[in-house]
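Participant: For reference, the sequence and a predicted model appear below.
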Amino acid sequence: MKERLVAPDFIKGICIILMVYGHVTHIGSLMAYQNRITDIIYTFHMPLFLIISGYFFSFSKGINLLLKNLFQKIAIPYILFISLYLIGLITVAKIGIPTNNTPPDDFLDFVTTVFLQPSGGYWFLHSLILINLVLYIVYKIAGEKSVLLFYLFSSILFIVLDLADLVKIRTSIYFILGYVLQQLTLRKINIPSYSSLLLFPIYIFFLTQNSIYTFSPIEVVNCFIIMTIFWSISTHFRNSWLVNISAWIGQNTLIILLLHALFIIVMKPFKTLFLNIDSSGVVYSLAATIFTVIMCMISSRLLDTLKISRYLFNTDKLYKSFKSS
C-alpha cells in the first residue's frame, strides 16, 4: 500500500487550527494584537487549503464516480450543516448572544445564503463544489487532449463565477495552482529540511508589505513560502508528536469545517468567566480553539458509532484515528 504523505495532512492540521482561532471572537486587553494575528493568518490559511485540494484533484477515477463522491461526501453534508448553522444563528440572535455573522432575515435569504452566498467558513466547501463542477464540465468538453483548451475554458468559467459573485477568482486561482503543482511534480515533492531556515527571513520581510494582505503576486509567493516551510518542518520532524497530532487533525478537517462554528458559539457565554481568570483574553481564545477542535473530533467519532456517517457522508468511518509514525 502506498504510504500516505504526512506533509499535506500536517499543513491542513495547522491551517484548520488557525482557522478556528481566527473565527473566535477575541476579547480582552490583547484583543487588538490577536486580531492582528488573525489578519496574518487570513493571508495564507485558506489559500493553503485550496492549493492542497488542487494538488490532490484528479480525473483518474472517472467523471461519474467523481461527481457521485462530490455530491454524497461534500455537497449533501454542506447543505445540511450550513442549514443547521443558519438555524443556530437565528436561535442565538433571539436569545441575545452576539455573533460575527448575521442570521438570515427570511426564507429567501436563508436559501440564498445556502446556495449562493454562504456565510462563515462554509464558503470554502461551497467554492470547492463549484470549482470541481467547472473542472468536470471543462474536462467533458476539452478532455485530456488539449491542455491549452482545458485551462482556457476553465479560466473563462472561473471569471464568470467571479462576476456572478459565486466564487472569488482568488479562490479558483489557488486551487488551479495546486493542480498545476501536481502536474509538474507528479505528487513527488522533496523539500530539504533546511528550507524553512532559508525562507523564514523572507516570510518575515513579506509581513511588512501591505500587498500581502490582498490578492497579489506577493500574497501568492508568500503562501508557497509558508507551504514550503511547513512541508520541510513536517519532513524534518516527521516522528515528533507535534507533526503527528497536527497530521491527525489534518485528516479530520471536514468535520471541523462543518461543526466548528457551533462549538465556538457554545463558548461565547463563558467570556466573562475567562476574563476574570485572564484579562488579556488569550486564555479564552486558546480554550475556545482547543475545545472546538476536540468537540468536533468527538462528534466525528460519535457519528461513526451511531452509524450516522453512512447517511450523511456516505462512509462508515468519517473519523480518522490517531496514528503515530
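Facilitator: Thanks, I have the structure now.

Participant: Contacts for stretch 130-147 next, please.
Facilitator: Here stretch 130-147 makes contact (Cβ atoms under 8 Å, 6 or more residues apart in numbering) with 57, 59, 63, 66-67, 70, 149-150, 153-154, 157-158, 161, 166-167, 171-172, 175. For glycine as for every other residue, the C-beta is placed from the backbone atoms N, C-alpha and C.

Participant: Buried residues in the one helix or strand Ile264 maps to, which are they?
Facilitator: Assigned by DSSP states H and E, Ile264 belongs to helix 253-267. Applying a neighbour-count criterion of 16 or more other Cβ atoms under 10 Å, one finds 253-267 buried in helix 253-267.

Participant: ditto for stretch 97-113
Facilitator: In stretch 97-113, counting by 16+ other Cβ under 10 Å, buried: 99, 103-104, 110, 113.

Participant: Give me the residues contacting it.
Facilitator: Applying Cβ under 8 Å, 6+ apart, the contact partners of stretch 97-113 are 23, 25, 82-83, 86, 89-90, 92-93, 119-120, 265, 268-269.

Participant: Including distance to Phe215, pLDDT and secondary structure, could these go into TSV?
Facilitator: Output for the contacts of stretch 97-113, formatted as TSV (distance: Cβ to Cβ, whole Å; pLDDT from 0 to 100; DSSP: H, G, I helix; E, B strand; the rest coil):
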residue	distance to Phe215	pLDDT	secondary structure
His23	21	93	helix
Thr25	25	91	coil
Ile82	25	93	helix
Ser83	30	93	helix
Leu86	28	91	helix
Leu89	28	85	helix
Ile90	32	88	helix
Val92	32	80	helix
Ala93	32	81	helix
Ser119	20	84	coil
Gly120	20	81	helix
Ile265	30	86	helix
Lys268	31	88	helix
Pro269	37	87	helix
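
Participant: Buried ones only from the residues you listed, please, as a PyMOL command.
Facilitator: Those of the contacts of stretch 97-113 that count as buried under 16+ other Cβ under 10 Å are selected in PyMOL with:
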select buried, resi 23+25+82+86+89+92+119+120+265+268
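
Participant: Check the offset of stretch 222-232 from the chain's centre.
Facilitator: Chain-centre distance of stretch 222-232: 16 Å, with Cα atoms, centre = their mean, to the nearest Å.

Participant: Check stretch 122-133 too.
Facilitator: Worked out by Cα atoms, centre = their mean, stretch 122-133 lies 11 Å from the chain centre.

Participant: okay, which residue of this structure is out on the far edge from center?
Facilitator: Here the centre of the chain is the reference, and by Cα atoms, centre = their mean the most remote residue is Asn276, at 32.7 Å.
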